[in-house]
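**Q** Provide a 3D model corresponding to the input given below.
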Amino acid sequence: MPPVNTNSVLVTSGADAVIFDAWGRADDWQKLLDSRKLKLRAIYATHGHSDHISAAPELAQRYNVPWYMNLRDLPLVPLGNQILDFWELPRIADDFVRPTDLRAGRVKILDNIDMEIIAAPGHSAGGVMFYFPEYKILLSGDTIFHDGVGRTDLPGGNADDLQKTISELVARNLPDDTYVVHGHGTDSIMRDVEAKFY
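**A** Sure thing, here's the model as predicted:
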């Protein structure tokens, strides 16, 4: 089912699990969680485009867990149903479980896993990235890719904001060997990503 290269991430600690960018069908996620005997604790979204949140509201309801997204992207949720129709995926209901607002800062997502939320507007108004300093892993969503930057011609996009976000990311000077999981396509290493911005 397209887009076949959307990347979701499942983070686990013991039997506890957190999903990042819950793309696809809630039924498939439930089968995966059940097969691994995992307890879903939360869902996080890098942004509100439907190919990154299609399963999030339903999973939040089924498991009675929070899902987090910057609320500047809330208007994108109902706009995504036409795309979900095209992909023959279930629509997000009009009365969907609302996300909890996600702001920049440090949080503990599971007992032993800390994460930094980095504001990253540009591809969408409420875009964020997730950085795990202990593991040197960055989940970049659709802000940056191994071969370029995110689109700004979709709802909520702004080229000036994206340029500022990228400049601020470079200024953070994350370790060169930071492993970057992009919203689509091939993963990369920060040194290779940053080289494209100079």
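**Q** drop to CA atoms for contacts and neighbour counts, all remaining ones
**A** OK.
**Q** Go ahead and flag the most central residue of the chain.
**A** T46 (2.9 Å; CA atoms, centre = their mean).
**Q** My read is that that one contacts D21, right?
**A** Yes - applying CA atoms under 8 Å, one finds T46 in contact with D21, separated by 6.4 Å.
**Q** doesn't the residue nearest to the centre of the chain fall inside a helix?
**A** No - judged by DSSP: H, G, I helix; E, B strand; the rest coil, T46 forms no part of a helix; its state is coil.
**Q** just to revisit the earlier point, what's the overlap in contacts for T46 and D21?
**A** Taking CA atoms under 8 Å, 6 or more residues apart in numbering as the criterion, T46 and D21 both touch H52.
**Q** Check which helices and strands the helix or strand containing D34 sits against.
**A** Using DSSP states H and E, D34 sits in helix 26-35. Applying 3 or more CA pairs under 8 Å, 6 or more residues apart in numbering; DSSP states H and E, we find helix 26-35 packed against helix 56-63.
**Q** could I get the helix it packs on in PDB with only the CA atoms?
**A** Taking C-alpha atoms only, helix 56-63 is exported to PDB below (Å, rounded to 0.1, in the frame of the first residue of the first chain):
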ATOM      1  CA  ALA A  56      -2.800   7.200  15.700                       C
ATOM      2  CA  PRO A  57      -6.300   8.300  16.800                       C
ATOM      3  CA  GLU A  58      -7.700   4.800  16.600                       C
ATOM      4  CA  LEU A  59      -4.800   3.300  18.500                       C
ATOM      5  CA  ALA A  60      -5.100   6.000  21.200                       C
ATOM      6  CA  GLN A  61      -8.800   5.100  21.600                       C
ATOM      7  CA  ARG A  62      -8.300   1.300  21.600                       C
ATOM      8  CA  TYR A  63      -5.400   1.400  24.100                       C
END
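**Q** F130 is in contact with I109, correct?
**A** No - checked against CA under 8 Å, the pair I109 and F130 is beyond contact range at 11.0 Å.
**Q** Overlap in contacts, those two.
**A** Taking CA under 8 Å, 6+ apart as the criterion, I109 and F130 both touch M115.
**Q** Neighbour count: the two, which is higher?
**A** Taking neighbours as other CA atoms under 10 Å, I109 and F130 compare with F130 leading, 24 against 19.
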